[in-house]
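Asker: Below is the structure, and that's it, no one-letter string:
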């Protein structure tokens, strides 16, 4: 049955005209509980994500609570990011509720309420422009990594861990000049509880740090959540230069008997084998990296994607009081790297 959030084309919501239904915003959460639209206002275009409670209600009150709590959590984080001017997080333009006046026969008037979020409209995610090899693309990739590191640092400075950094969640703006992170629906906050907090790992398990596949969960928030973001940042290196996640790159080098789902021992016992596999993966990556920068980039990758969550990150920072991950150090490293590669690109 058609529901209220599927009937918005032609409606005027908060001054925005709903132009057309579209595919889900790259990286947007919500699944079958939300619908996506392009909207326009005063010559500007934006993206609208709309949700109603029809499907959730059919699954029971617990599901209604989960969906609404998750929606409000994401809205709360997006509002915080906007108000604190986090420039590398996709900006929330407006949010609210809208009553659909004309609904299909058989749909209760009690279910004509739509909850919406309106975001700035991206050109797409980084997969659209990705190519492998070539000096020209190296500068672009370094720029992507730098801006992702800035985004994560902005979140971490506000006690938020993204937890679902992957290619579809890195959006491009202004003809590939700017990149921002989308989808805070799976994030973790030190100050705001979320339904996903109870999950082993709230993000996409295809990119997850290996400890979670072995059901090892660090207790400290820095190791558990900020450390996971570090791993996901490192995984973007392997994706950008090789087209695969760090998790895949490591587990492909582990004996079958030691792989997740088969290994039944402690994580500490399998960890030495994972470190060996990670070392081999790091070394194999070098030939795909730009000449003269192979050691530098592979060292960053090794540190960010280290299988041991308790040493993952910048070594000197991890030895300081509070054992910070040290993502700010990688912001500087990626920034210098992108400038060097840009100079090389111009000289070609």
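Answerer: Arrived safely. Being a predicted model, the structure only gives us computed values, none of them experimental. Numbers count the residues shown, from 1 in each chain.

Asker: which SS class is residue 171?
Answerer: Three-state call for residue 171 (DSSP: H, G, I helix; E, B strand; the rest coil): strand.

Asker: how far away is the residue lying closest to it once chain neighbours are set aside from residue 250?
Answerer: Once flanking residues are discounted, residue 171 sits nearest to residue 122: 3.8 Å by CB to CB, 6 or more residues apart in numbering. Every C-beta, even on glycine, is put in place using the N, C-alpha and C of the backbone. The gap separating residue 122 from residue 250 is 31 Å, by CB to CB, to the nearest Å.

Asker: Neighbour count: these two, which is higher?
Answerer: Legend: neighbour count by other CB atoms under 10 Å for residue 122 and residue 250, higher for residue 250 (23 against 20).

Asker: tell me the mean pLDDT over the host helix or strand of that one?
Answerer: Applying DSSP states H and E as the criterion places residue 250 in helix 246-251. Summarised as a single mean, pLDDT over helix 246-251 is 98.

Asker: From the chain's centroid, how far away is whatever helix or strand comes next after that helix?
Answerer: Using DSSP H and E, the helix or strand that follows helix 246-251 in sequence is helix 267-285. From the chain centre to the centre of helix 267-285 is a distance of 24 Å (CA atoms, centre = their mean, to the nearest Å).

Asker: and what of stretch 265-274?
Answerer: Using CA atoms, centre = their mean, the distance between the centre of stretch 265-274 and that of its chain works out at 27 Å.

Asker: what pLDDT, on average, does it get?
Answerer: In this model, stretch 265-274 carries a mean pLDDT of 98.

Asker: can you check stretch 148-158 too?
Answerer: Confidence for stretch 148-158, expressed as mean pLDDT, is 98.

Asker: Would you check the distance separating that stretch from the middle of the chain?
Answerer: The answer for stretch 148-158 is 12 Å, by CA atoms, centre = their mean.

Asker: Show me which residues of it are buried.
Answerer: 148-156, 158 (16 or more other CB atoms under 10 Å).

Asker: and the residue lying closest to residue 126 once chain neighbours are set aside, what is it in contact with?
Answerer: Excluding the flanking residues, the one nearest residue 126 by CB to CB, 6+ apart is residue 170, at 4.7 Å. With contact taken as CB atoms under 8 Å, 6 or more residues apart in numbering, residue 170 is in contact with 27, 125-126, 144, 148, 179-182, 236.

Asker: swap in residue 231?
Answerer: Per CB under 8 Å, 6+ apart, neighbours of residue 231: 208-209, 246, 304-305, 309, 312.

Asker: So which of the residues you listed are in helices?
Answerer: Cross-referencing the contacts of residue 231 against helices under DSSP state H gives 246, 304.

Asker: Most neighbours among the contacts of residue 231, which one is it?
Answerer: In these, the most neighbours by other CB under 10 Å go to residue 246, 30 neighbours.

Asker: What's the separation between it and residue 252?
Answerer: 11 Å.

Asker: ok so, going back, would you convert the contacts of residue 231 into JSON lines that also reports distance to residue 71?
Answerer: Converted to JSON lines, these look like this (distance: CB to CB, whole Å):
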{"residue": "208", "distance to residue 71": "24"}
{"residue": "209", "distance to residue 71": "27"}
{"residue": "246", "distance to residue 71": "31"}
{"residue": "304", "distance to residue 71": "32"}
{"residue": "305", "distance to residue 71": "32"}
{"residue": "309", "distance to residue 71": "30"}
{"residue": "312", "distance to residue 71": "32"}
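
Asker: Looking at the contacts of residue 231, which is nearest residue 282?
Answerer: Using CB to CB, residue 305 comes nearest to residue 282 of these, at 8.0 Å.
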